[in-house]
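S.K.: the following block contains a protein sequence and its predicted model.
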Amino acid sequence: MILAIACNNNQSYKKAEDAQEAAREFIKASLDGDYNKADFYLYADSTNKFLLEKWKRNYTHLTEEERQKYKDASIIVINSNAENDSVTEFKYLNSYKKDTTTIKILRVNGEWLVDLKEMIKIKPVK
């Protein structure tokens with residue numbers, strides 16, 4: 001029964017038509033604390049799932065006032081750069097915290113999905 005409800009819930013979300021829509025839907029869902037919706041727009045690999053779960057835990061520790069400030073925040077796009085027809089780099093900040101964040105939007109099997117790994121670029125060990 002829980003699985004049926006979860007599947008029904010995801011059906012209410014609309015697939016993004018382009019990279020910018022995927023980015024905006026994901027970011028707004030994250031700011032609103034709607035992590036089911038954010039997960040719908042996420043490229044589902046283990047690293048991205050881990051990062052989203054970390055965001056979710058951090059969000060639950062915010063005060064109600066801080067959560068409201070995130071919900072009221074606007075998304076400010078700094079740069080959106082299509083690297084090719086399947087990868088777009090999306091750099092933004094929100095009007096509340098004003099921290100610049102970069103994510104990648106990938107087209108996978110015809111769907112535009114958010115890849116958070118750009119945020120944690122790992123430098124090679126020498």
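M.R.: Looks like it arrived, so ask away. All values derive from a computational prediction rather than experimental measurement.
S.K.: name the element the residue nearest the centre of the chain belongs to?
M.R.: For the chain, the residue nearest the mean C-alpha position is Phe26 (3.7 Å; CA atoms, centre = their mean). Using DSSP states H and E, Phe26 sits in helix 19-32.
S.K.: identify each buried residue in that helix, please.
M.R.: 19-20, 22-32 (16 or more other CB atoms under 10 Å). For every residue, glycine as well, the C-beta is placed using N, CA and C.
S.K.: go on, stretch 53-73?
M.R.: Tyr59, Lys69, Tyr70, Ala73.
S.K.: what sits against Phe90?
M.R.: Contact analysis of Phe90 by CB atoms under 8 Å, 6 or more residues apart in numbering lists Ala19, Gln20, Ala23, Val77, Asn79, Ser80, Thr102, Ile103, Lys104, Ile105.
S.K.: among those, which ones are buried?
M.R.: Buried among those by 16+ other CB under 10 Å: Ala19, Gln20, Ala23, Ile103, Lys104, Ile105.
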